[in-house]
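could you look at this predicted model? Sequence included:
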Amino acid sequence: MTLDPVLKKIDDDLTGAIDRLLALLRIQSVSTDPAYATECDRAADWLVADLKGIGFDASKRPTPGHPMVVAHTATDTGGNGPHVMFYGHYDVQPVDPIELWDSAPFEPALEDTPAGKVIRGRGASDDQGQLMTFVEACRAWKAVHGSLPGKISVFFEGEEESGSPSLVPFMKENATELTADVALICDTGLFESKTPAIVTRLRGLVGEDFTITGPDRDLHSGMYGGIAMNPIRVLTRILADLHDDTGRITLPGFYDGVEELTDEIRSQWQGLGFDHGAFLGDVGLRVPAGELDRTPLEMIWSRPTCDVNGIWGGYTGDGFKTVLPSQASAKVSFRLVGKQDPYAIQKSFRTYVESRLPEGFSIEYRSKDVSAASQMSTENPAFEQARKALSDEYGIPAAYVGCGGSIPIAGHFKDILGMDAMLVGFAKDDDNIHSPNEKYDLESFHKGIRSWARILAEIAG
């Protein structure tokens, strides 16, 4: 099967691809609000019908929440390449605050902007526009060659934006059917909105929400100040001591399992020319605050973090209420990398906090979910094949990059199905995902389709 006529078909049918995406974007598939359950069901039905139309054996699968869509190539294509599984999610975020939208969020349209044409609407970038780049690449292959380039499966989720409560049980119950040689995920973006990238590492997360209690009631500071220990004083000392003067995190055993970069990855990252001054300047800052002996990209992608996300206690209204509060609370999160054990980190943190509580003080935890980091092995040939395909499409070298956030599905593919996941996306930094006026550049959509066509060609051999 040759690639060039497929790329031409993609170019010639771009208007049709846009129309199909706009039709999907009109469906109000907000997963977190039960009022939109019927709309989520409609989106799943729409995708099943579309996949069937290009030769997939597709079906809607019920869950306790919103349905999954699962599809496989209907006939043996005869290809010798690996079996690939493509994952995306069809559900979207709520549109609030609606008054900040310049147009109706579920009346999507192609819009001219000073930077070029964009597809405007909720879900345009996260994740329906990205999802449809792969579907359209498959459509073009089928139209030109009569079949798809190898064994391909598709797995679309309807609860990603609401915590994926049905995902893990569904994957475990259908593990045999969902297992392939490599997973493809399109829920990321270009590096600095211009460089094609494959995300190979995602940070895990430990979140702690807790309250320290000292005296059994708020105390008058004139009567008890000086003699009674203030819970806010205790809390702030605990939080301040979590980092040393070089930016390192002080929890015992915290860096166990943190791995160093390979020379090849370090060289790729250095070649990206990341401007941390501009990155921080965009938010009114200047100086990196992480470990002083690490580069800024290492701080974001390959080093663990500890951050205080909220702190409160005492009287915070207008004027003064001169009390020593009975309680002080905080939310602390840790982003994990490599082989760090999230449960060991949680235990170390709790031991650290409790060892610093004065006699008579107590602590209550409101547990949050924990997740380990994910790191994909680039030894799978599909990774280099995809990097070549992206480089060919964009005309600049694609890079293996990290992601400061967490995308749990990548870890689930590894832990539950034993598959490496390759994260390739075409979103840009200014796409306003989860925010009013979400958009997806037409160039991202077009080049995304062409990129997946190239990737499928490379993987299929």
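Yep, it's here.

which residue is nearest the middle of the chain?
Nearest to the geometric centre of the chain sits Ile407, at 3.9 Å (CA atoms, centre = their mean).

for it, give me the pLDDT.
Looking at Ile407, its pLDDT is 84.

which residue is the nearest non-sequential neighbour of it?
Distance criterion CB to CB, 6 or more residues apart in numbering; nearest residue to Ile407, sequence neighbours excluded, is Leu202 at 5.3 Å. Backbone N, C-alpha and C define where each C-beta goes, glycine included.

ok, now Asp392?
In this structure, Asp392 finds its nearest non-sequential neighbour in Arg454, 6.0 Å apart by CB to CB, 6+ apart.

likewise Lys388?
The nearest residue in space to Lys388 (CB to CB, 6+ apart) is Glu458, at 6.1 Å.

and that neighbour, how many neighbours?
Neighbour count of Glu458, defined by other CB atoms under 10 Å: 21.

quick check, it in a helix?
Yes. Per DSSP: H, G, I helix; E, B strand; the rest coil, Glu458 lies within a helix segment.

can you give me the strands in the stretch 1-150 of the chain?
Per DSSP state E, counting those that start in this stretch, the stretch 1-150 of the chain carries strands over the ranges 56-61, 68-73, 84-89, 109-113, 116-120.

equivalent analysis for the stretch 201-350 of the chain, please.
Ranges of strands in the stretch 201-350 of the chain, per DSSP E, counting those that start in this stretch, are 204-213, 219-220, 305-313, 323-324, 327-336.

the ones you listed: which one's closest to Ser103?
Nearest to Ser103 among the strands of the stretch 201-350 of the chain is strand 305-313 (32.9 Å), distances taken as CB to CB.

pLDDT averaged over the closest one - what is it?
Average pLDDT, strand 305-313: 96.

also stretch 435-455?
98.

buried ones in that stretch, by neighbour count?
Of the residues in stretch 435-455, 436-442, 444-455 count as buried by neighbour count, 16 or more other CB atoms under 10 Å.

same check, this time on stretch 89-100
Within stretch 89-100, the residues scored as buried using 16+ other CB under 10 Å are 89-95.

shaky segments in the protein?
For the chain, applying pLDDT under 70 flags the ranges 75-79.

show me it divided up by domain.
The chain resolves into domains spanning 4-202+373-460, 204-258+304-371 when parsed by automatic domain parsing.

what comes into contact with stretch 82-89?
With CB atoms under 8 Å, 6 or more residues apart in numbering as the test, stretch 82-89 has contacts from 127, 130-131, 134, 150-161, 178-187, 382, 409, 413, 419, 421, 456, 459.

you'd agree the residue nearest to Asp392 is up against Asp4?
No. Judged on CB atoms under 8 Å, Arg454 makes no contact with Asp4 at a distance of 10.7 Å.

neighbours around the nearest residue in space to Val30 that is not next to it in sequence, how many?
Closest residue to Val30 apart from its sequence neighbours, by CB to CB, 6+ apart: Tyr36 at 4.2 Å. Per other CB under 10 Å, the neighbour tally for Tyr36 reads 20.

you'd agree Tyr36 is up against Ile27?
No. Assessed by CB under 8 Å, Tyr36 is found out of contact with Ile27, at 9.4 Å.

rewinding a little: can you name the residues that contact the residue nearest to Asp392?
Counting by CB under 8 Å, 6+ apart, Arg454 touches 3, 7, 389-390, 392-393.

looking at these, which has the most residues close by?
Most neighbours among the contacts of Arg454, by other CB under 10 Å: Leu390, with 26 neighbours.

show me what the host helix or strand of Tyr365 is packed up against.
Using DSSP states H and E, the element containing Tyr365 is strand 362-371. On a contact count with 3 or more CB pairs under 8 Å, 6 or more residues apart in numbering; DSSP states H and E, strand 362-371 meets strand 204-213, helix 342-354.

indicate which one of the ones you listed is closest to Ser377.
Ranking the helices and strands packed on strand 362-371 by proximity to Ser377 (CB to CB) places strand 204-213 first, at 17.1 Å.

what comes into contact with the closest one?
231, 234-235, 326-337, 340, 342, 345-346, 349-350, 353, 357, 361-374, 406, 411.

from the residues you listed, keep the buried residues only.
Neighbour counting by 16+ other CB under 10 Å classes 231, 234-235, 326-337, 340, 342, 345-346, 349, 353, 357, 370-374, 406, 411 among these as buried.

picking up where we left off before, need the contacts of Arg454 in JSON lines with distance to Asp307, can you?
Listed next are the contacts of Arg454 as JSON lines, based on distance: CB to CB, whole Å:
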{"residue": "Leu3", "distance to Asp307": "45"}
{"residue": "Leu7", "distance to Asp307": "44"}
{"residue": "Ala389", "distance to Asp307": "37"}
{"residue": "Leu390", "distance to Asp307": "32"}
{"residue": "Asp392", "distance to Asp307": "39"}
{"residue": "Glu393", "distance to Asp307": "37"}
